[in-house]
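K.L.:
Just the structure for this:
(one chain, ligands or ions: 2)
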Amino acid sequence: ADAEAHERIRAARARLGERAVLLCHHYQRADVYQYADLTGDSLKLARLASQTEAEFIVFCGVHFMAEVADILSKPSQVAILPDLAAGCSMADMANLAKVERCWRELAEVLDAPDEIITPVTYINSAADLKAFCGEHGGIVCTSTNAPTILDWAFAKREKVLFFPDQHLGRWSGYKKGIALEQMVVWDPDLEYGGLTPEQIRNAKILLWKGHCSVHQMFQPAHIDRWREKNPQGFVISHPESSLEVCQKSDYVGSTEYIINTISAGPAGSHWLVGTELNLVSRLAEEMKPQGKVVQFMAPTVCMCSTMQRIDPQHLAWALENLADGKIVNQIKVPGREAELARIALDRMLALS
Ligand code: 13P
Ligand code: SF4
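P.N.:
Numbers count the residues shown, from 1 in each chain. Ligands and ions are numbered 1, 2, ... in the order given. Sure thing, here's the model as predicted:
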């Protein structure tokens, strides 16, 4: 069945020609990644989506990425997600109802949150949350630019509400020299986030209680054990990992940064990598000719199960339909929401 799917993908692509572009995130499985026209981390893919002229942007990634592609592309272009079940469990940890309730509760404690707090959403979030940020003077960030975005946010207002990833928020705040006591976790399932009015008033960053289930697997002990055996080696992690893991790493950054850093590393070097397994396995293969050893941080297998959902069968099905003139699995953000989300995205792109 696999060989058949690959044949169907090749045939449909040949029929579509330049009308379709395949944008692929670095976590995509090898049997899909091989078809990428363009690859990148979330920031790079957002830019590529805004620049392509192709009629169909076939997004091999997760739902929020296809939404961003839709928002940033022209109205005549169509963003497609080959499997609609490819979500992001972290993005799902925040939703508009919960963020609006949080904003109302903050208003009770701080009077006018729109003058005091900048809402910052990680790009791993639904479009309506980006729209919320656009409407309330806020902004989007990615794993590449989060510390820069915090500078922008604090230049405007004294506090930041950061959602949905507490780890990226904490790491970025830490990089900016904000004391750990001034970064408090807002639990959206508790009234007032489970915080006292005093804690809210004293906080610089309110960190939404969300996380990535893949990156939470990485532990400081994994790094310690590896360093004992590889004292000259380098450790590199994605900032969705915990603060302790990031602090123990030599390098921290986005998926694109991880690829570039290891690629530029010395021949024969050893690397321990804290990010998704598909990417690490690919890097391990690609670096072999230069004698570099690339290892995955956790002892257990952990792939992003939703990224994994985009498989050759779904890709073949989507492409064949497009080639037959039938649009399937279009991701379309409604007008007003897209406009507001675009404001928050454009603020970010202007700074990156
Ligand atoms: P990047 O933007 O670094 O590619 O990260 C996306 C992501 O979902 C990481 O888990
Ligand atoms: Fe979301 Fe984590 Fe998967 Fe990235 S790795 S898409 S943050 S669940």
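K.L.:
How about the residues of this structure by ligand 2?
P.N.:
Residues of the chain lying close to ligand 2 (Cβ under 6 Å from any ligand atom) are 62, 88-90, 124, 212-214, 240, 276, 304, 306-307. C-beta: built from backbone N, CA, C; applies to glycine.
K.L.:
Going through these, which ones are buried?
P.N.:
Using 16 or more other Cβ atoms under 10 Å as the burial test, these include Val62, Cys88, Ser89, Met90, Asn124, Cys212, Val214, Glu240, Glu276, Cys304, Thr306, Met307 as buried.
K.L.:
Could I get the residues of the chain next to ligand 2 in TSV, plus columns for pLDDT and distance to Ile200?
P.N.:
What follows is these, written out as TSV (pLDDT from 0 to 100; distance: Cβ to Cβ, whole Å):
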residue	pLDDT	distance to Ile200
Val62	98	32
Cys88	98	28
Ser89	97	27
Met90	98	24
Asn124	98	25
Cys212	98	26
Ser213	96	28
Val214	96	31
Glu240	98	25
Glu276	97	34
Cys304	96	33
Thr306	97	33
Met307	97	35
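K.L.:
of those, list those near ligand 1.
P.N.:
Applying Cβ under 6 Å from any ligand atom to the residues of the chain next to ligand 2, those adjacent to ligand 1 are Asn124, Cys212, Glu240.
K.L.:
Which of those residues fall within helices?
P.N.:
In helices, judged by DSSP state H, none of those are found.
K.L.:
For Lys332, grab phi and psi.
P.N.:
phi -130, psi 120 (degrees, to the nearest 10).
K.L.:
swap in the one 5 residues further on?
P.N.:
The phi and psi values for Glu337, taken as degrees, to the nearest 10, are phi -60, psi -40.
K.L.:
same deal with His222?
P.N.:
Dihedral angles for His222 - degrees, to the nearest 10 - are phi -60, psi -40.
K.L.:
pLDDT score assigned to it?
P.N.:
Among the per-residue scores, His222 holds a pLDDT of 98.
K.L.:
Hmm, Thr300 and it touching each other?
P.N.:
No: at 10.5 Å, His222 does not count as touching Thr300 under the criterion of Cβ atoms under 8 Å.
K.L.:
Name the residue in those two with the higher neighbour count.
P.N.:
Ranked by neighbour count (other Cβ atoms under 10 Å), His222 and Thr300 place His222 first, with 20 against 7.
K.L.:
Next, work out how far apart the more buried one and ligand 2 are.
P.N.:
Noted for His222: a distance of 17 Å to ligand 2, by Cβ to the nearest ligand atom, to the nearest Å.
K.L.:
how about that residue, what does it touch?
P.N.:
By Cβ atoms under 8 Å, 6 or more residues apart in numbering, the contact list for His222 reads Leu272, Gly274, Met297, Ala298, Pro299.
K.L.:
Return the closest of those with respect to Arg101.
P.N.:
Gly274 (33.2 Å; Cβ to Cβ).
K.L.:
OK, contacts around that closest one?
P.N.:
His215, Phe218, His222, Val235, Ile236, Ser237, His238, Ser241, Val245, Ser249, Met297.
K.L.:
redo that, cut-off 7 Å
P.N.:
Residues in contact with Gly274 (Cβ atoms under 7 Å, 6 or more residues apart in numbering) are His215, Phe218, Ser237, His238, Ser241, Val245, Ser249, Met297.
K.L.:
Which members of those are the farthest-apart pair?
P.N.:
His215 and Ser249 (12.0 Å).
K.L.:
any chance you could map the strands in the protein?
P.N.:
20-25, 38-40, 56-60, 78-80, 117-122, 139-141, 159-163, 183-186, 205-208, 234-237, 251-252, 270-274, 293-296 (DSSP state E).
K.L.:
Can you tell me what sits against the fourth one?
P.N.:
Think strand 78-80. 55-59, 66, 69-70, 73, 318, 327, 329-331.
K.L.:
Now for these: which two are most distant?
P.N.:
So, the contacts of strand 78-80 by Cβ to Cβ: farthest apart are Ser73 and Ala318, at 16.9 Å.
K.L.:
higher neighbour count, these two?
P.N.:
Ala318 (26 against 18).
K.L.:
The residue nearest to that one when sequence neighbours are not counted: neighbour count?
P.N.:
Distances taken as Cβ to Cβ, 6 or more residues apart in numbering place Pro82 nearest to Ala318, at 4.2 Å, with adjacent residues excluded. The number of residues packed around Pro82, counting by other Cβ under 10 Å, is 25.
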